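>>> structural data only, the sequence is not supplied:
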(Lines give C-alpha, C1' and ligand atoms only; values in the text may rest on other atoms or scores of the structure.)
Protein backbone atom coordinates (compact mmCIF):
# COMPACT_ATOMS: atom_id res chain seq x y z
CA UNK A 1 0.00 0.00 0.00
CA UNK A 2 0.98 3.63 -0.24
CA UNK A 3 2.60 5.91 2.31
CA UNK A 4 -0.23 8.02 3.74
CA UNK A 5 1.40 9.46 6.85
CA UNK A 6 1.50 13.15 5.91
CA UNK A 7 -2.29 13.42 5.49
CA UNK A 8 -3.25 11.40 8.56
CA UNK A 9 -5.23 8.27 7.74
CA UNK A 10 -5.75 9.25 4.08
CA UNK A 11 -9.41 8.26 4.12
CA UNK A 12 -12.02 11.03 4.06
CA UNK A 13 -9.38 13.72 4.47
CA UNK A 14 -7.46 12.33 1.49
CA UNK A 15 -10.50 12.58 -0.74
CA UNK A 16 -11.31 16.11 0.38
CA UNK A 17 -7.72 17.22 -0.23
CA UNK A 18 -7.67 15.64 -3.69
CA UNK A 19 -10.92 17.40 -4.61
CA UNK A 20 -9.55 20.70 -3.31
CA UNK A 21 -6.36 20.11 -5.29
CA UNK A 22 -8.30 19.43 -8.49
CA UNK A 23 -10.59 22.42 -7.88
CA UNK A 24 -7.65 24.79 -7.34
CA UNK A 25 -8.92 25.54 -3.81
CA UNK A 26 -5.64 25.11 -1.94
CA UNK A 27 -3.17 27.71 -0.75
CA UNK A 28 0.22 27.75 -2.42
CA UNK A 29 1.73 25.93 0.57
CA UNK A 30 -1.03 23.31 0.68
CA UNK A 31 -0.73 22.88 -3.08
CA UNK A 32 2.93 21.95 -2.69
CA UNK A 33 2.16 19.63 0.20
CA UNK A 34 -0.53 17.68 -1.63
CA UNK A 35 1.55 17.56 -4.83
CA UNK A 36 4.46 16.07 -2.87
CA UNK A 37 2.10 13.62 -1.21
CA UNK A 38 0.62 12.53 -4.54
CA UNK A 39 4.15 11.97 -5.85
CA UNK A 40 4.94 9.54 -3.02
CA UNK A 41 1.62 7.90 -2.08
CA UNK A 42 0.37 5.22 -4.45
CA UNK A 43 -3.10 5.08 -2.88
CA UNK A 44 -3.68 8.81 -3.14
CA UNK A 45 -2.17 9.00 -6.60
CA UNK A 46 -4.56 6.27 -7.77
CA UNK A 47 -7.48 8.15 -6.21
CA UNK A 48 -6.35 11.34 -7.98
CA UNK A 49 -6.08 9.55 -11.33
CA UNK A 50 -9.55 8.05 -10.91
CA UNK A 51 -11.05 11.44 -10.08
CA UNK A 52 -9.36 12.96 -13.16
CA UNK A 53 -10.93 10.28 -15.36
CA UNK A 54 -14.36 10.78 -13.78
CA UNK A 55 -14.20 14.56 -14.24
CA UNK A 56 -13.09 14.14 -17.85
CA UNK A 57 -16.00 11.81 -18.66
CA UNK A 58 -18.52 14.09 -16.94
CA UNK A 59 -17.14 17.13 -18.75
CA UNK A 60 -17.41 15.39 -22.14
CA UNK A 61 -20.94 14.22 -21.33
CA UNK A 62 -22.29 17.56 -20.11
CA UNK A 63 -22.11 19.79 -23.15
CA UNK A 64 -25.84 20.53 -23.29
CA UNK A 65 -26.77 24.11 -22.36
CA UNK A 66 -29.71 24.96 -20.13
CA UNK A 67 -32.69 26.54 -21.93
CA UNK A 68 -32.88 30.34 -21.68
CA UNK A 69 -36.32 30.04 -20.03
CA UNK A 70 -34.84 27.96 -17.23
CA UNK A 71 -32.03 30.47 -16.72
CA UNK A 72 -34.58 33.32 -16.59
CA UNK A 73 -36.76 31.44 -14.08
CA UNK A 74 -33.79 30.74 -11.79
CA UNK A 75 -32.60 34.34 -11.94
CA UNK A 76 -36.12 35.61 -11.25
CA UNK A 77 -36.38 33.40 -8.15
CA UNK A 78 -32.99 34.53 -6.93
CA UNK A 79 -34.09 38.14 -7.26
CA UNK A 80 -37.45 37.48 -5.63
CA UNK A 81 -39.64 38.27 -8.62
CA UNK A 82 -41.81 36.02 -10.73
CA UNK A 83 -40.42 34.97 -14.11
CA UNK A 84 -41.92 36.43 -17.25
CA UNK A 85 -43.77 33.68 -19.18
CA UNK A 86 -41.87 30.56 -18.29
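Everything's here; your move. Not measured: the values here are computed from a predicted model. Residues are numbered from 1 along each chain as shown.
>>> alpha carbons only for contacts and neighbour counts from here, please
Fine.
>>> could you pull up the mean pLDDT of stretch 72-86?
For stretch 72-86, mean pLDDT rounds to 78.
>>> and stretch 45-55, by the same measure?
The average pLDDT within stretch 45-55 is 93.
>>> which positions in it come out as buried?
45, 47-48, 51 (16 or more other C-alpha atoms under 10 Å).
>>> just checking, which of those belong to strands?
Assigned to strands by DSSP state E, none of the buried residues of stretch 45-55 qualify.
>>> nearest to residue 14 among those residues?
In terms of C-alpha to C-alpha, no member of the buried residues of stretch 45-55 lies closer to residue 14 than residue 47, at 8.8 Å.
>>> so who does the closest one touch?
Each residue near residue 47 by C-alpha atoms under 8 Å, 6 or more residues apart in numbering is listed here: 15, 18.
>>> one step back: now, among the buried residues of stretch 45-55, which is nearest to residue 17?
residue 48 (9.8 Å).
>>> neighbours of residue 31, how many?
Counted with other C-alpha atoms under 10 Å, the neighbours of residue 31 add up to 17.
>>> and if you look at the one 4 residues further on?
By other C-alpha under 10 Å, 14 other residues sit near residue 35.
>>> may I ask which helix or strand encompasses it?
helix 28-40 (DSSP states H and E).
>>> in stretch 18-31, which residues are buried?
Applying 16+ other C-alpha under 10 Å to stretch 18-31 flags 18-21, 26, 31 as buried.
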